[in-house]
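Enquirer: Build the 3D model from these lines:
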Amino acid sequence: MRDLGSSSAAGGVTASGEGCAAALVAVAGQPARVGTLKCVLTPDRRAANAARHRAHQHFVEHLPSGLLEDLELVLGELVANAVAVSGPADRVDVNVDLAAHGLLVEVADQSPETPAPRPADTDDEDGRGLLIVDALTESWGWRPNPRGKVVWGLLPLTPPDVSPGAR
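Expert: Next comes the predicted model:
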């Protein structure tokens, strides 16, 4: 996995600092937000674990443990799905952005295949990834990009109110 910090391809800083809950630091000589993680993965069987590990290292001091666990799970599922539709020469791009409205997790792959939850039997070892993403995120979706697609999920920064009066 190659860590891109938060610099853009043009060498600039990630566009918006609005609502950022993290301090500024330097990444590769450029100002960067601690609240942003960008990395590129080789689409192999280790990619999801590598993404979870990198996200944990990056956000462990900035997120409550429950939100960090949800991030790792959602990111792992999205990366595993991207790897499943990728060829060996492809790449998987990860972007996680911490902002005031939530934690935006984006995973880009080079496949035009539309992601969709599918039913899984109790014996199936896979097929539940997007159902897990749907359960843990406030919202999720996908959009085409010039190289394929980006699948995203928005994790709320605070858990939903599940008190008896909230229903």
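Enquirer: What pLDDT is listed against Glu113?
Expert: On pLDDT, Glu113 comes in at 90.
Enquirer: Please read the previous query as pertaining to Gly17.
Expert: For Gly17, the predicted pLDDT is 28.
Enquirer: residue ranges with poor pLDDT in the protein?
Expert: Along the chain, segments meeting pLDDT under 70 span 1-34, 120-127, 159-167.
Enquirer: residue ranges of the strands in it, please?
Expert: For the chain, applying DSSP state E gives strands covering 2-5, 24-27, 30-33, 36-41, 92-99, 102-109, 139-145, 148-155.
Enquirer: Of those strands, which is nearest Gly66?
Expert: Of all the strands of the chain, it is strand 148-155 that lies closest to Gly66, at 10.3 Å by Cβ to Cβ. C-beta coordinates here come from the backbone N, C-alpha and C atoms, glycine included.
Enquirer: Can you list the strands that the closest one pairs with?
Expert: In the sheet, strand 148-155 lines up against strand 102-109 (antiparallel), strand 139-145 (antiparallel) (DSSP bridges).
Enquirer: Find the one among the strands of the chain with the highest mean neighbour count.
Expert: Per-stretch averages of neighbours, counted by mean count of other Cβ atoms under 10 Å, single out strand 102-109 among the strands of the chain, with a mean of 24.
Enquirer: ok, back up a step: tabulate the strands of the chain (CSV), appending distance to Ala116.
Expert: Below are the strands of the chain laid out as CSV (distance: least, Cβ to Cβ, whole Å):
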stretch, distance to Ala116
strand 2-5, 29
strand 24-27, 36
strand 30-33, 33
strand 36-41, 22
strand 92-99, 19
strand 102-109, 15
strand 139-145, 9
strand 148-155, 11
